[in-house]
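Peer 1: Okay, predicted coordinates and the sequence, questions at the end:
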Amino acid sequence: MRRRDPRAALERRRRARARVNVLPVPRSHCEPDGSIGSRQVAEVTLPRPELDRIWSPEYLERLARTYWRFLSRVSLGLLRVLYTESSREVVLLTRPFVLLRFKAPEYDFAADRGTVTWPIDRGLLVARKRRGRGYLRLSVQRREDGGGPEATAVVTSEVVNFYPTLAARFGRFFYDQTQLRIHVVVTNAFLRSLANLDLEPSVVGAFSPAVPQRSPAASPGRGEP
């Protein structure tokens, strides 16, 4: 096994602008109807002025964009995200290999929380008879505190009511050891990457100050994932 270079770890820690603590949660749960859900959670602690600066619909949109960009980077470009006005598609290199197709994102932002939800439509990874039933959601919850120099936000990634093709065809165990395991590893790596607070600018920029704004809760599908 290749040994980790401690100098690289020290450099990452030096550049980090926040501390990330990935919380231990169950990897997944299965409902009686066969739908599967998974949830990954991390605490992100950073200087209070920094959290105040990025606590806005614009940065919620940028967090969503960063999630998809991370997926593409960690797959070395094998996975790409294609955007249309009404959908987001995760493809293996190119169409027609659409692994997951989501409807346009729905945003909700409040004083202490923000969410972006992508309803799952279809794709090769979705059981054919169970399309259009689940969703992927990123949420950020700002914790109450005593007004100290640091503040903490809880970032959650969850998949709800998902019907995977692998589980339908080959059984839940096979799905758990392949697709689910990869999803958990990649999502936790994404959460850890938030330590650098390097949030990708949105391509659409629906909530950018340069764009006429509407309430995120009242304008589903306008965000850029």
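Peer 2: Alright, I've got the coordinates.
Peer 1: contacting residues for residue 139?
Peer 2: 113, 114, 115, 116, 155, 156, 158 (CB atoms under 8 Å, 6 or more residues apart in numbering). All C-beta atoms are positioned from the backbone trio N, CA, C, and that covers glycine.
Peer 1: element containing it?
Peer 2: Using DSSP states H and E, residue 139 maps to strand 135-142.
Peer 1: Return the list of strands paired to that strand, each annotated with direction.
Peer 2: Strand partners for strand 135-142, identified by DSSP bridges, are recorded as strand 113-122 (antiparallel), strand 150-162 (antiparallel).
Peer 1: Can you check which of those gets nearest to residue 43?
Peer 2: strand 150-162 (5.5 Å; CB to CB).
Peer 1: Please identify the buried residues of that closest one?
Peer 2: Under the neighbour-count criterion of 16 or more other CB atoms under 10 Å, strand 150-162 has 151, 152, 153, 154, 155, 156, 157, 158, 159, 160, 162 buried.
Peer 1: quick one, what contacts the closest residue to the fourth one other than its chain neighbours?
Peer 2: The one in question is residue 154. Computed as CB to CB, 6 or more residues apart in numbering, the closest residue to residue 154 that is not its neighbour in sequence is residue 141, at 4.5 Å. Residue 141 sits next to 112, 113, 153, 154, 156 when contact means CB under 8 Å, 6+ apart.
Peer 1: Okay, and the beta partners of residue 141?
Peer 2: residue 113, residue 154.
Peer 1: how near is it to residue 42?
Peer 2: Note on residue 141: its distance to residue 42, by CB to CB, to the nearest Å, is 11 Å.
Peer 1: shared neighbours of these two, anything?
Peer 2: 154, 156.
Peer 1: This structure: strands as residue ranges?
Peer 2: Taking DSSP state E as the test, the strands found in the chain are 19-23, 28-30, 36-47, 79-83, 87-92, 98-103, 106-109, 113-122, 135-142, 150-162.
Peer 1: Sweet, I'm off.
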